[in-house]
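Peer 1: I'll drop the sequence and a predicted model, then ask my questions.
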Amino acid sequence: AQSVTQLGSHVSVSEGALVLLRCNYSSSVPPYLFWYVQYPNQGLQLLLKYTSAATLVKGINGFEAEFKKSETSFHLTKPSAHMSDAAEYFCAVSPSGGYQKVTFGIGTKLQVIP
Amino acid sequence: GAVVSQHPSRVICKSGTSVKIECRSLDFQATTMFWYRQFPKQSLMLMATSNEGSKATYEQGVEKDKFLINHASLTLSTLTVTSAHPEDSSFYICSARLREQTQYFGPGTRLLVL
């Protein structure tokens, strides 16, 4: 069984401030972890993924996430928020190896304040 | 690379009619595609897994006779909502699996049943 918990359905940051979106996972086997971004009325775009290589993963648009097994976390960060970062962010988990179903979190809506 | 398209982007239909949504992988072949449904301000709910050349695998609680899925080629999967009712109104998103567990998402189809 696997699950994802995203802490905070809404997060507000000032433009230029640090972005931190929290994600904790539960998985009975080594996981693959993903962050996706969704803009209004659009599909999901992959930001980054962890697939058992480096624990610090760098993605697009300046985002990165660190896999911490001891904390079962995969938090998403960006040093300086831009207005264009305002969107919904989804964390997702799947068991590693072969095809396995991906489970999504409920999402965190990021608001960037000018 | 890894572009997935959906058509139509929006559809309005009368109750009782059927609606077909197409999902295409434009620059890669996808043996596996997925269909999700997203309710307002909620996460994605996996409806079914579409495998090229075989029957789709439906998630528990999803009516296979109502949501017909066909994956006739390595680049096309279709979802047909049969005898649509207002409660079927939703945002439908498809994705295609390229490698490992990475899914690439289409832009979604907004269905409104009157």
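Peer 2: In hand now; what should we look at? A quick note: this is a predicted structure, and the numbers were derived from the prediction, not measured.

Peer 1: what's the offset of stretch A:60-69 from the middle of its chain?
Peer 2: Chain-centre distance of stretch A:60-69: 8 Å, with Cα atoms, centre = their mean, to the nearest Å.

Peer 1: Can you list the neighbours in contact with that stretch?
Peer 2: Stretch A:60-69 is contacted from outside by A:19, A:23, A:33, A:35, A:37, A:47-48, A:50, A:55-59, A:73-80, A:85, using Cβ atoms under 8 Å, 6 or more residues apart in numbering or on different chains. Backbone N, C-alpha and C define where each C-beta goes, glycine included.

Peer 1: Is chain A within reach of the helix or strand harbouring B:L98?
Peer 2: Taking DSSP states H and E as the criterion, B:L98 maps to strand B:90-99. Yes: contact of strand B:90-99 with chain A (Cβ under 8 Å from any Cβ of the partner chain) involves B:91, B:93, B:95, B:97.

Peer 1: what pairs with that strand, and is each one parallel or antiparallel?
Peer 2: Note on strand B:90-99: by DSSP bridges, its sheet partners are strand B:32-38 (antiparallel), strand B:102-105 (antiparallel), strand B:109-113 (antiparallel).

Peer 1: Quick check: which of the ones you listed is buried the most?
Peer 2: Mean neighbour count, computed with mean count of other Cβ atoms under 10 Å in any protein chain shown, is highest for strand B:32-38 among the strands paired with strand B:90-99, reaching a mean of 24.

Peer 1: next structured bit after that strand?
Peer 2: Sequence order places strand B:44-51 as the next helix or strand after strand B:32-38, per DSSP H and E.
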